[in-house]
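Colleague: have a look at this prediction, sequence included:
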Amino acid sequence: MSEATPLLSVQSLGKDYGGHVGCTDVSFDLWPGEVLGIVGESGSGKTTLLNCLSAQHELSRGKVIYDTRVDGPKSIFDMSESERRLLMRTDWGLVRQNPRDGLRLGVSAGANVGERLMAVGARHYGDIRGVASEWLEKVEIDTNRIDDRPTTFSGGMQQRLQIARNLVTNPRLVFMDEPTGGLDVSVQARLLDLLRGLVTRLGLSAIVVTHDLAVARLLAHRLMVMKDGRVVEQGLTDQVLDDPQHAYTQLLVSSILQP
Amino acid sequence: MTNDTAMIIAEQLGKTFVLHNQGSQEIPVFHGLDLTVTKGECVVLHGPSGAGKSTLMRALYGNYLVNEGTIQVNHNGEWVDMSRAAPQKILAVRKSTMGYVSQFLRAIPRVSALDIVSEPLMVLGEDEANARDRAGELLSRLRVPESLWSLAPATFSGGEQQRVNIARGFSADFPVLLLDEPTASLDAKNRETVTDMIREATERGAAIVGIFHDEDVRKSVGTRMFDIKPVKEAA
């Protein structure tokens, strides 16, 4: 695994907003099949980092290199706009904290899933509907709801629909920003279990931003802890959480309330 | 491979916890520790509470970082230093070489006992039916009622959870096993079963490191004692 090419290679990445540093000096490799968790409190720069990695924000410094299916490793900001868009629609998924930002609310659940398929060239209505309904099943949404709009769904269902929409094109890399953020605990558990299963079964690589260390422990193989825009500690998830070395990580870990 | 093949070679290990948020207090645990474990050996860690037995165990598993020394583990013939290997390498060692039975089961919501036990086999590529059969065998042997297999263990009793945990640790026939008080919350009958399982594992050539509070268990499974002396001066 470690001898292969990293799927994503990040080199000295930095992003400034005017005079303010969003994140800086971030370097890491993400390997195929690996789930990386980024933890830290609000304002630590973790979402800024995710937005840079997923090509939604331009970088101020550094490089992000992605191992494309056809041409091998390529810097994502040196690609043409159309090339980058294709990548985002096919090989990548982006699950947002608020499902309403990641879904199209005006069209049916089935169309939300089918749309991504059409973007990669699927044209046969019956096939698209078939695949969409398979995916609704995989994310535990009753297929009778395929023609309903997401606005009629609960928050948990919307989040599961967003996941189906993202995974339907068999992406190799999925970015998730607080995927369980706005959900009830019981709904969270179901979603986490689902995500864990999908990631393992599909062999996905993922980068998950979360402030919830329990979510990180369950999903991530490896953790990066961010504070004030910098990575202060990184390593194997259970090692970082059980034997944190940096003062800030020790503070984070010791601040968790036990139910 | 003969039975004196080394599976773990830990040299000059030193571990000190530094509590940054409590006045940078330093808690030294051990220093200059050497431990070699070969195939077919069950090494019992021995020492008073707080001496660092669990800390050593967790360091061997890559869960705690040591400040000094190296921990070489024989991973399919390749030596991997658990004290500084990359995370994905440590995960590879845990996947196929090293099993760990902790004191408590970390239950995941919605995951059934049967799935928890069969998971180590599944990730090794075992077919689902076989993995579940093996999991069922182990759960039966450890007297976990079949009616519980499809339930998530969060609501099980302490003893039942511990037995699910043990079944998971023994499902994949790991070449190296770390056992942190596996018999602590078990009744006499189950303790005997676990003792048998540990002995069988040693006989098939597993290298085992264990912490056992129970004197009888220690005597019946241990092939060697390893003393850990506390280094704390001010206790």
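Modeller: Structure received. Numbers count the residues shown, from 1 in each chain, chains lettered A, B, ... in the order given.

Colleague: just the helices in chain A please.
Modeller: Secondary structure of chain A (DSSP state H): helices located at A:46-53, A:81-90, A:99-102, A:109-119, A:125-138, A:155-167, A:185-202, A:213-219, A:237-242, A:247-254.

Colleague: repeat for chain B
Modeller: With DSSP H as the criterion, chain B has helices spanning B:53-60, B:87-96, B:113-123, B:128-141, B:158-171, B:188-203, B:215-221.

Colleague: same for the fourth one, what does it pack against?
Modeller: Counting contacts by 3 or more CB pairs under 8 Å, 6 or more residues apart in numbering or on different chains; DSSP states H and E, helix B:128-141 packs against helix B:113-123, helix B:158-171. C-beta here means a position set from N, CA and C on the backbone, and glycine is covered the same way.

Colleague: okay, buried residues for that helix please.
Modeller: By neighbour count, with 16 or more other CB atoms under 10 Å in any protein chain shown as the criterion, the buried positions of helix B:128-141 are B:131-132, B:134-136, B:138-139, B:141.

Colleague: how about the shortest one?
Modeller: Of the residues in helix B:215-221, those with enough neighbours to count as buried (16+ other CB under 10 Å) are B:217-218, B:220-221.

Colleague: for residue B:183, what are phi and psi?
Modeller: Note on residue B:183: its backbone torsions stand at phi -100, psi 10 [degrees, to the nearest 10].

Colleague: I'd say it and residue B:196 touch.
Modeller: No. Because the distance of 11.6 Å does not satisfy CB atoms under 8 Å, residue B:183 is recorded as not touching residue B:196.

Colleague: more neighbours, the two?
Modeller: Looking at residue B:183 and residue B:196 with other CB atoms under 10 Å in any protein chain shown, you find the greater number of neighbours at residue B:183, namely 25 against 13.

Colleague: residue A:65: which of the helices of chain B is closest?
Modeller: Set against residue A:65 and scored by CB to CB, the helices of chain B come closest in helix B:87-96, at 18.4 Å.

Colleague: could you name the helices and strands sitting against the closest one?
Modeller: For helix B:87-96, the packing partners by 3+ CB pairs under 8 Å, 6+ apart are strand A:230-236, strand B:68-75, strand B:78-81.

Colleague: quick one on the thing from earlier: how about the helices of chain A in JSON lines, adding distance to chain B, mean pLDDT and mean neighbour count?
Modeller: Conversion of those to JSON lines gives the following (distance: least, CB to the nearest CB, whole Å; pLDDT from 0 to 100; neighbours: other CB atoms under 10 Å in any protein chain shown):
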{"stretch": "helix A:46-53", "distance to chain B": "18", "mean pLDDT": "94", "mean neighbour count": "24"}
{"stretch": "helix A:81-90", "distance to chain B": "24", "mean pLDDT": "90", "mean neighbour count": "14"}
{"stretch": "helix A:99-102", "distance to chain B": "21", "mean pLDDT": "92", "mean neighbour count": "18"}
{"stretch": "helix A:109-119", "distance to chain B": "23", "mean pLDDT": "92", "mean neighbour count": "21"}
{"stretch": "helix A:125-138", "distance to chain B": "15", "mean pLDDT": "92", "mean neighbour count": "16"}
{"stretch": "helix A:155-167", "distance to chain B": "13", "mean pLDDT": "92", "mean neighbour count": "23"}
{"stretch": "helix A:185-202", "distance to chain B": "4", "mean pLDDT": "82", "mean neighbour count": "17"}
{"stretch": "helix A:213-219", "distance to chain B": "7", "mean pLDDT": "91", "mean neighbour count": "20"}
{"stretch": "helix A:237-242", "distance to chain B": "5", "mean pLDDT": "96", "mean neighbour count": "22"}
{"stretch": "helix A:247-254", "distance to chain B": "3", "mean pLDDT": "93", "mean neighbour count": "18"}
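
Colleague: export those helices to TSV and tack on distance to residue A:21?
Modeller: Written out in TSV, the entries for the helices of chain A read as follows (distance: least, CB to CB, whole Å):
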stretch	distance to residue A:21
helix A:46-53	9
helix A:81-90	25
helix A:99-102	25
helix A:109-119	35
helix A:125-138	40
helix A:155-167	30
helix A:185-202	31
helix A:213-219	24
helix A:237-242	23
helix A:247-254	17
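
Colleague: of all those helices, which lies closest to residue B:150?
Modeller: Residue B:150 lies closest, by CB to CB, to one member of these: helix A:185-202, at 14.6 Å.

Colleague: who touches the closest one?
Modeller: A:35, A:138-140, A:154-156, A:159-160, A:163, A:167, A:170, A:174, A:176, A:179-180, A:183, A:204, A:206, A:215, A:218-219, B:108-111, B:123 (CB atoms under 8 Å, 6 or more residues apart in numbering or on different chains).

Colleague: in contact with residue 169, which residues?
Modeller: You didn't pick a chain, so chain A it is. A:89-91, A:93, A:116-117, A:119-120.

Colleague: wait, I meant chain B there
Modeller: Residue B:169 makes contact with B:99-101, B:177, B:179, B:182 under the criterion CB under 8 Å, 6+ apart.

Colleague: please apply the same query to residue B:103.
Modeller: Contacts of residue B:103 were listed using CB under 8 Å, 6+ apart, and they are B:54, B:180-181, B:184.

Colleague: ok, back up a step: redo the helices and strands packed on helix B:128-141 as JSON lines? Include mean pLDDT.
Modeller: Output for these, formatted as JSON lines (pLDDT from 0 to 100):
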{"stretch": "helix B:113-123", "mean pLDDT": "94"}
{"stretch": "helix B:158-171", "mean pLDDT": "94"}
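
Colleague: what about residue B:230, distance to residue B:63?
Modeller: Using CB to CB, to the nearest Å, one gets 21 Å for the distance from residue B:230 to residue B:63.

Colleague: count the neighbours of residue A:59 for me.
Modeller: When neighbours are counted by other CB under 10 Å, residue A:59 registers 19.

Colleague: over to the one 3 residues further on?
Modeller: Using other CB under 10 Å, residue A:62 is surrounded by 18 other residues.

Colleague: so it touches residue A:23, yeah?
Modeller: No. The criterion here is CB under 8 Å, and residue A:62 misses it with residue A:23 at 9.9 Å.
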